[in-house]
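Chemist: Fold the following for me, if possible:
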Amino acid sequence: MISDQVKETLKSAFKKLAVERIMKELILSTAFFATPGINRLTLMAVEWIVDFIIETTELGLFFVYTNYSVEKQVMELKAAIIKQRENPNEENEKELISKFDNIIRIRPK
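Modeler: Here you go, the predicted model:
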């Protein structure tokens, strides 16, 4: 449940940033897109295109993969925590730290 919320939050943040950037570039390139009626229609079209891109391309698959990957890592961390609590030793502690490191690592080793 929480991982689905994270996935949807990532999607909505990406959509918001993409739409804002595209609209800014359109308005800067041609003042025509800044007129009130045209601006609203253009905004709706850009939002639809960005939604389409997110849902039907590799970008959508990236969000699903990221969701699966994080969920798998969390399950592994939970198992390592349980194992450490049941049998606290140095080997289990190293495994716990390793599993935790997999979740918080920003760049691959």
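
Chemist: Tell me the helix or strand right after the lowest-mean-pLDDT helix or strand in the chain.
Modeler: Lowest on mean pLDDT, DSSP states H and E among the helices and strands of the chain sits helix 58-86, with a mean of 75. Per DSSP states H and E, the first helix or strand lying C-terminal to helix 58-86 is helix 90-104.

Chemist: And that following helix, what's buried?
Modeler: Residues of helix 90-104 classed as buried: 92, 95-96, 99, 102 (neighbour count, 16 or more other C-beta atoms under 10 Å). To be clear about C-beta, it is placed using only N, CA and C from the backbone, and glycine gets the same treatment.

Chemist: Relative to residue 73, which of the residues you listed is nearest.
Modeler: residue 102 (5.1 Å; C-beta to C-beta).

Chemist: ok, that closest one - contacts?
Modeler: 73, 76-77 (C-beta atoms under 8 Å, 6 or more residues apart in numbering).

Chemist: possible to save those residues as JSON lines with distance to residue 85 and neighbour count?
Modeler: Rendered in JSON lines, the data for the contacts of residue 102 read as follows (distance: C-beta to C-beta, whole Å; neighbours: other C-beta atoms under 10 Å):
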{"residue": "73", "distance to residue 85": "19", "neighbour count": "16"}
{"residue": "76", "distance to residue 85": "15", "neighbour count": "16"}
{"residue": "77", "distance to residue 85": "13", "neighbour count": "17"}
